[in-house]
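In: build the 3D model from these lines:
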Amino acid sequence: MNALNRLLLYLVLPVVLLLGGIVATTYFWVQRPLELPTERVDILVPPGATPSKIAQLINQAGIPLNAYGFSALARVGELDTKIKAGGYQIVRGDSPWTVLRRMALGDVTARQITLVEGWNLRQIRAALAQHPDIKQTLGPKSESELLKRLDPRGQFSSAEGLFFPDTYIFPIGTTDVELLERAARTQQRILEQAWPTRAPNSLLKNPYEALILASLIEKETGHAPDRNRIAGVFSNRLRINMPLQTDPTVIYALGENYSGKLRKPDLAVDSAYNTYTHTGLPPSPIASSGRAALAAALNPEKHNYLYFVAKGDGSSAFAATLPEHNKNVSTYLLSRKP
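Out: From the prediction side, this is the model:
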């Protein structure tokens with residue numbers, strides 16, 4: 001080997017070895033599992049977050065990650081402009097490349113919450129407040145403040161009943177208000193679709209009245225075969241201006257003062273929601289209603305019944321006259337009392 005070759009070898013070899021070491025170190029760092037403080041760590045990536053900002057959030061969550069290296073990896077991999085906002089979960093075994101690729105694909109961590117048919121707004125807010133993956137922003141905000149946010153045009157008198165009961169999937173960090181807005185949009189869409197299907201002789205003046213009546217049906221029965229028949233009873237009473245006399249409205253009027261059992265003095269509570277002392281529909285829904293209750297409200301069964309009472313097995317007994325009803329009450333209600 002001549003002198004020139006030896007010189008080149010001495011000059012080039014260290015550079016090659018150095019570059020090889022850098023490549024090997026980089027590859028090892030890119031593929032090496034991150035050190036997690038727990039089995040799983042949730043990260044919320046806000047809209048417009050840069051790789052450097054994301055690395056900072058990951059560090060704040062207790063996972064050591066070189067921000068410069070993470071940013072460089074994102075640029076080299078051409079993923080820095082593809083990162084999507086949302087909630088992500090980093091699990092043991094994940095490497096920087098795994099995390100980066102997951103965020104670029106938008107593979108957000110899904111969470112869910114179920115708003116149950118028949119829940120009122122107080123129950124819905126409690127469920128949102130108790131969910132660990134929902135960002136709490138409502139706090140003590142009043143219903144009127146919430147209604148302004150959800151109904152800027154002032155169409156509704158109350159936020160009650162405006163939220164469609166369903167299971168909602170969301171990324172970690174979604175706010176309680178965002179979920180309420182989503183449930184309200186869903187309810188509005190369903191109501192708009194259902195309103196044109198109402199019976200030709202319907203007594204309901206607008207979609208909001210349909211929502212009010214649906215909430216009464218929702219609270220009165222979970223027995224599918226009885227929904228349209230109960231809707232028919234309410235329609236018959238509305239037609240002759242007879243009080244609806246439905247217990248759930250009184251319970252709603254009592255609110256937290258409800259003891260778990262209605263007593264005779266409760267039926268005289270001074271409230272526009274008391275359908276024993278006021279005719280017509282209450283001023284707003286008393287709960288969130290599902291599709292079946294809404295369909296029943298819009299298409300009540302045609303019959304001559306004016307009364308019904310729970311039989312104790314989930315179904316109801318119907319009557320056209322007060323003597324018949326009193327007999328049903330004696331058979332199905334009074335006989336159950338201790």
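
In: what ranges does the stretch 51-200 of the chain have for its helices?
Out: Taking DSSP state H, counting those that start in this stretch to define them, one finds helices in the stretch 51-200 of the chain at 51-60, 67-76, 96-105, 121-130, 143-150, 176-194.

In: among those helices, which comes closest to T275?
Out: Nearest of those to T275, taken as CB to CB: helix 121-130 at 19.1 Å. Backbone N, C-alpha and C define where each C-beta goes, glycine included.

In: picking that back up, turn the helices of the stretch 51-200 of the chain into TSV, columns for mean neighbour count.
Out: What follows is the helices of the stretch 51-200 of the chain, written out as TSV (neighbours: other CB atoms under 10 Å):
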stretch	mean neighbour count
helix 51-60	17
helix 67-76	16
helix 96-105	19
helix 121-130	16
helix 143-150	15
helix 176-194	17
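
In: can I get those helices in TSV with mean pLDDT and distance to E301?
Out: Listed next are the helices of the stretch 51-200 of the chain as TSV, based on pLDDT from 0 to 100; distance: least, CB to CB, whole Å:
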stretch	mean pLDDT	distance to E301
helix 51-60	90	57
helix 67-76	85	62
helix 96-105	87	51
helix 121-130	93	29
helix 143-150	80	33
helix 176-194	92	17
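
In: quick one: which of those is nearest T321?
Out: helix 176-194 (32.9 Å).

In: care to break this protein down by domain?
Out: Domain assignment for the chain by automatic domain parsing gives 28-105, 110-193, 198-336.

In: which of the helices of the stretch 51-200 of the chain sits closest to R111?
Out: Closest of these to R111 is helix 176-194, at 10.4 Å (criterion: CB to CB).

In: helices or strands up against the closest one?
Out: helix 121-130, helix 143-150, strand 167-171, helix 207-220, helix 291-298 (3 or more CB pairs under 8 Å, 6 or more residues apart in numbering; DSSP states H and E).

In: quick one: average pLDDT of the last one?
Out: By that I understand helix 291-298. What helix 291-298 shows for mean pLDDT is 97.

In: can you list the strands that the very next helix or strand once past it pairs with?
Out: In the C-terminal direction, the helix or strand that comes right after helix 291-298 (DSSP states H and E) is strand 307-310. With DSSP bridges as the test, strand 307-310 is paired with strand 316-319 (antiparallel).

In: contacts for the partner strand, please.
Out: With contact meaning CB atoms under 8 Å, 6 or more residues apart in numbering, strand 316-319 is reached by 220-221, 223, 226, 229-230, 233, 303, 305-311, 325, 327-328, 331-332.

In: if you set the cut-off to 6 Å instead, what comes out?
Out: Residues external to strand 316-319 that are found in contact with it (CB atoms under 6 Å, 6 or more residues apart in numbering): D226, Y305, Y307, F308, V309, A310, K311, H325, N328, Y332.

In: residue ranges with poor pLDDT in the stretch 201-338 of the chain?
Out: Along the stretch 201-338 of the chain, the model assigns pLDDT under 70 to residues 334-338.

In: can I get the helices and strands packed on helix 176-194 in CSV with distance to P33?
Out: Formatted as CSV, those follow (distance: least, CB to CB, whole Å):
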stretch, distance to P33
helix 121-130, 34
helix 143-150, 43
strand 167-171, 24
helix 207-220, 50
helix 291-298, 47
